[in-house]
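Asks: Fold the stuff below for me.
(one chain, ligands or ions: 2)
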Amino acid sequence: MPGNKCNGNSSVPTTRVERLLRERELRKFNRTFHPNEESSDSNKDAELYDHELNSREGNNCKSPYEQEYLDVAALARSFSEGCERQERRPSKQRLLVVANRLPVSAVRRGEDSWSLEISAGGLVSALLGVKEFEAKWIGWAGVNVPDEVGQRALAKALAEKRCIPVFLDEEIVHQYYNGYCNNILWPLFHYLGLPQEDRLATTRSFQSQFDAYKRANQMFADVVNKHYEEGDVVWCHDYHLMFLPKCLKEYNSNMKVGWFLHTPFPSSEIHRTLPSRSELLRSVIAADLVGFHTYDYARHFVSACTRILGLEGTPEGVEDQGKLTRVAAFPIGIDSDRFIRALELPQVQEHINELKQRFAGRKVMLGVDRLDMIKGIPQKILAFEKFLEENPDWRDKVVLLQIAVPTRTDVPEYQKLTSQVHEIVGRINGRFGTLTAVPIHHLDRSLDFHKLCALYAVTDVALVTSLRDGMNLVSYEFVACQDSRKGVLILSEFAGAAQSLGAGAILVNPWNITEVASAIGQALNMPADEREKRHHHNFLHVTTHTAQDWAETFVSELNDTIVEAQLRTRQIPPPLPVKDAVERYLQSRNRLLILNFGEYNLWLAAENGMFLRRAKGDWMTTMPEHLNMDWVDSVKHVFEYFTERTPRSHFELRETSLVWNYKYADVEFGRLQARDLLQHLWTGPISNAAVDVVQGSRSVEVRSVGVTKGAAIDRILGEIIHSKCMTTPIDYVLCVGHFLGKDEDIYTFFEPELPADPSGTARAKVTDPIKTSIEKRAAPKLLASKSASKACHGKTQRTSAASEKKTTNHVSGTVWRPSQDSIPWHEGSVLDLKGENYFSCTVGRKRSNARYLFGSSDEIVTFLKELAAASSSG
Ligand SMILES: O=P(O)(O)OC[C@H]1O[C@H](O[C@H]2O[C@H](CO)[C@@H](O)[C@H](O)[C@H]2O)[C@H](O)[C@@H](O)[C@@H]1O
Ligand SMILES: O=c1ccn([C@@H]2O[C@H](COP(=O)(O)OP(=O)(O)O)[C@@H](O)[C@H]2O)c(=O)[nH]1
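Replies: Ligands and ions are numbered 1, 2, ... in the order given. Have a look, this model is predicted:
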């Protein structure tokens, strides 16, 4: 599959959407023309298809349809050519699916014999539909196997089902699965909050449960690492394994790791109540791709990362020090064909007939849920009771079949729920039942696949009243089995499925018993044409958004994160070649070091270089004479207005600029306010002013035109020359700093002056005709930026040396450009800098115009010590 190992060849599309679209076309092509073929080698497929069509071309009868696929074949080939695969995958891509639960449950039959049964649940159902990959499952088999003989026998039995067990002992299962996963994370993610009152004991044992959670995740990581082969995709699932991405990346930072959450991700206000909130978020964003069922859950996650971790949230995902974790929505689906085909099976038909006879003369309503508080089973039954209460005519004409699959039976909350549901069902059946019939048939067990399909097929109204539900696959399965009956789906608006099946279902708020009761009436009385129309919407969705599509889309996007990371990495400078920088430093005769320090014999610049001083001297201003500051009052007025309305924001009035800063405010609100503020500024106070507006990550700065760090360097050099009567031209430049993107022109200041890039290390520059003409010159020169400076607020006035000699130079707009006719000195007398003697360095891993990178400020100090040591010994 393309996207695995791209070498940056120019035929690789540069945007994510372009790449993923091509990949999608390719999959469509493969599926249409090679549905049964094992190999997914795109190049081969494209060639084969070309051949097939070309042999027909003689007839000159290419339909638009064929032409479309010829285009796709060409696309496929061009994309594949841009990707250099380290190995030609002979068959499907290897996928390691890691989930708490394996798709099979194990039952011990003897010391070394086991039987395996498929386990129920949405995740299992969805992943069973995934066929495009060579998938292996890694997970817990749901049983405690303390002895080695048993472990070996189980591992062998599971291997035949392509499953690999993680053995967890009873204590860990109790603390990790029953405790942290199902008593803390599960209720919290479904908006039921953290344990309170009677569950205070849990609050006390929170730390030990979290420790067990981390230990269990590490055990999963150990097994994954043991079975991992280079090129595998590792797909971690669900809230049980939020710690896993971090553990895996610690093993191998090149592992392709995706993480998908099957439950909702709650609002950041809910997540922030969790004591381990930050640790969990940090672990998850170690993954390359993080997926959710809906856009809302993805949005909540990004918001939690910005509000709780203080990271940058972008439309692409979450960014931390230049590293992007892609976050997106991937709504799951089902293997709809499996359900549709099952309806034709004789045993299913037999069940259907039995059910039809059993409930003849009555409408069938159906609920299928794990017996979980998030499924809203008591609310559903109470709504049904209300419907019977208000509609006596229906009492002997409708029946509710509720399948309540026991789940997490060791957790006390689930035990309580079982008793509560039994009690309500008993009461209602007592109230409305007769000697021969009861209105509610409640089953505390699971059904096999064929019986479930039959039940879906005979149902008139399906009732899904989840209080919160990640997606809810039961609603999809019901729709898949309803193509002849065209029954009605009543669906909670708090299930993820409401966002995909909303058009065809009757959406309800399950907390509103009256509303659900009247929805039942509406569904039972719905005319056939409306039922048909609604069903059509849903059926189309369910049959086109399958589990297979879901998995393919996720894995293809996960593969693409690697391409994206490579493209981004290319924008991150390489580390400073320290040895080379020191050697060249020693060989040069006049060095210019631009640093952010003040204790030595250095020049300090403030306010974008508007003010200068030697470390021990007085401040002087180099402010251009005609700097127009008329705009300040009106901008200040706007800044005051927004400061008043944005808690924890403030503004600073500087000599040449005004800065509104919202770094302590709520990030999202701050950003909204900043957008609003900018709109006000552009349309009002600064519409005609000579100012630049610079947007920082948490600030808005308005400053006079020409006040940039690049221009400041020009003035600083002018001052240095003026004060030192420099005789030797500068032949070595080291420029180090942690500058904001807006100030990065400092790095490029010298670039146009360099004859050539240092061999192999510097990144390619965009060719600029003006710059190129300058580069060709042997001895570049230095320039001044303004004709004159003026004194300001008691600071010593100093006119820049360059401008004393030449007055025609100027700064225009935001882009400072060296002017060629303002040279105060003869060529080469000030700057004689070769490319290999220029070292611009940024700090921290981020995209930058600098040539090189320091990982941290400490590294700068170490480097400077090396320079000092080399100088003194040299
Ligand atoms: O393994 P259990 O503890 O018995 O629980 C079964 C599964 O329940 C959850 O399912 C979720 O995944 C479904 C598919 O994406 C989704 O439709 C549903 O809304 C979710 O509740 C749980 O997330 C799984 O890990 C469990 O295996
Ligand atoms: O007796 C049963 C009842 C349910 N299921 C399956 O359990 C899954 C429930 O998934 P859903 O997304 O609705 O909720 P979850 O239980 O995962 O929260 C569906 O695929 C059902 O087919 C099953 O296999 N047997």
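Asks: which ones are touching H293?
Replies: 261-262, 264, 329-332, 470-471, 496 (C-beta atoms under 8 Å, 6 or more residues apart in numbering). Glycine gets a C-beta too; all of them are placed from N, C-alpha and C.
Asks: Need the nearest residue in space to the residue of the stretch 301-450 of the chain at minimum distance from ligand 2, chain neighbours excluded.
Replies: Ligand 2 sits closest to S446 of the stretch 301-450 of the chain, with a gap of 3.2 Å, by C-beta to the nearest ligand atom. Closest residue to S446 apart from its sequence neighbours, by C-beta to C-beta, 6 or more residues apart in numbering: V405 at 4.4 Å.
Asks: residue contacts, the one you found?
Replies: 120, 368-371, 445-446.
Asks: Restricted to strands, list those.
Replies: Within those, residues falling in strands by DSSP state E are 368-370.
Asks: Counting by contacts, list what the helix or strand L717 falls within packs against.
Replies: Here L717 is covered by helix 709-724, with elements defined by DSSP states H and E. The elements that helix 709-724 packs onto, with contact taken as 3 or more C-beta pairs under 8 Å, 6 or more residues apart in numbering; DSSP states H and E, are strand 603-606, strand 611-614, helix 745-748, helix 801-805.
Asks: For S649, find the nearest of those.
Replies: Nearest to S649 among the helices and strands packed on helix 709-724 is strand 603-606; the distance by C-beta to C-beta comes to 23.1 Å.
Asks: number of nearby residues for V97?
Replies: 24 (other C-beta atoms under 10 Å).
Asks: re earlier: show me which of the ones in strands among the contacts of V405 neighbour ligand 2.
Replies: 368, 370 (C-beta under 6 Å from any ligand atom).
Asks: If you count neighbours, what's buried in stretch 538-558?
Replies: Within stretch 538-558, the residues that count as buried by 16 or more other C-beta atoms under 10 Å are 538-539, 541-543, 545-558.
Asks: out of the ones in strands among the contacts of V405, who's nearest K486?
Replies: Of all the ones in strands among the contacts of V405, V368 has the smallest distance to K486: 18.8 Å, by C-beta to C-beta.
Asks: wait, isn't the closest one in contact with I403?
Replies: Yes: here V368 reaches I403: they are 4.6 Å apart, a contact under C-beta atoms under 8 Å.
Asks: Pick out whichever of those two has more residues nearby.
Replies: Shown here are V368 and I403; by other C-beta under 10 Å, V368 has more neighbours (26 against 21).
Asks: picking that back up, next SSE downstream of the helix holding L717?
Replies: strand 732-737.
Asks: strands paired with that next one, and their directions?
Replies: strand 591-594 (parallel), strand 838-843 (parallel) (DSSP bridges).
Asks: and the shortest one, how far from the chain's centre?
Replies: This means strand 591-594. 41 Å (C-alpha atoms, centre = their mean, to the nearest Å).
Asks: ditto for stretch 561-576
Replies: That offset, for stretch 561-576, works out to 18 Å (C-alpha atoms, centre = their mean).
Asks: Which residues does the residue nearest to S446 form beta bridges with?
Replies: Beta-bridge partners, per DSSP bridges, of V405: R370.
Asks: let's have the chain start at 3 instead
Replies: That works, and once the first residue is 3, the last one we named lands at V407.
Asks: circling back to that earlier point, which of the contacts of V407 has the most neighbours?
Replies: Neighbour-wise, the contacts of V407 (other C-beta under 10 Å) top out at V370, 26 neighbours.
Asks: show me the contacts for it.
Replies: Taking C-beta under 8 Å, 6+ apart, we find V370 in contact with 405, 407, 454, 457, 464, 476, 480.
Asks: cool, G319 as well?
Replies: So G319 contacts 292, 304, 326-330 (C-beta under 8 Å, 6+ apart).
Asks: Same question for N511.
Replies: Contacts of N511 by C-beta under 8 Å, 6+ apart are 494-496, 517-518.
Asks: Quick check: L465 touching M367?
Replies: Yes: when contacts are counted by C-beta under 8 Å, L465 is listed as touching M367 (5.7 Å).
Asks: hey, what's in contact with both of these two?
Replies: Shared contacts of L465 and M367, counting by C-beta under 8 Å, 6+ apart, come down to 386, 402, 522.
Asks: I'd like the contacts of V407 as CSV, with distance to ligand 1 appended.
Replies: Below are the contacts of V407 laid out as CSV (distance: C-beta to the nearest ligand atom, whole Å):
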residue, distance to ligand 1
A122, 7
V370, 12
D371, 10
R372, 6
L373, 10
R447, 14
S448, 10
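Asks: Out of those residues, flag the one nearest to E134.
Replies: A122 (23.9 Å).
Asks: helix or strand for S255, which one?
Replies: Under the assignment here (DSSP H and E), S255 is part of no helix and no strand.
Asks: I meant to write L855 there.
Replies: strand 854-856.
Asks: and the spatially most central residue of the chain, what does it touch?
Replies: Nearest to the mean C-alpha position of the chain, counting by C-alpha atoms, centre = their mean, stands V329 at 1.6 Å. Going by C-beta under 8 Å, 6+ apart, V329 touches 291-294, 300, 303-304, 318-320.
Asks: With neighbour numbers in mind, choose between L465 and M367.
Replies: Applying other C-beta under 10 Å to L465 and M367 shows that L465 carries more neighbours, namely 32 against 26.
Asks: helix, strand or coil for the residue in the stretch 203-352 of the chain positioned nearest to ligand 1?
Replies: Nearest residue of the stretch 203-352 of the chain to ligand 1, counting by C-beta to the nearest ligand atom: H264, 3.3 Å away. Assigned by DSSP: H, G, I helix; E, B strand; the rest coil, the conformation of H264 is coil.
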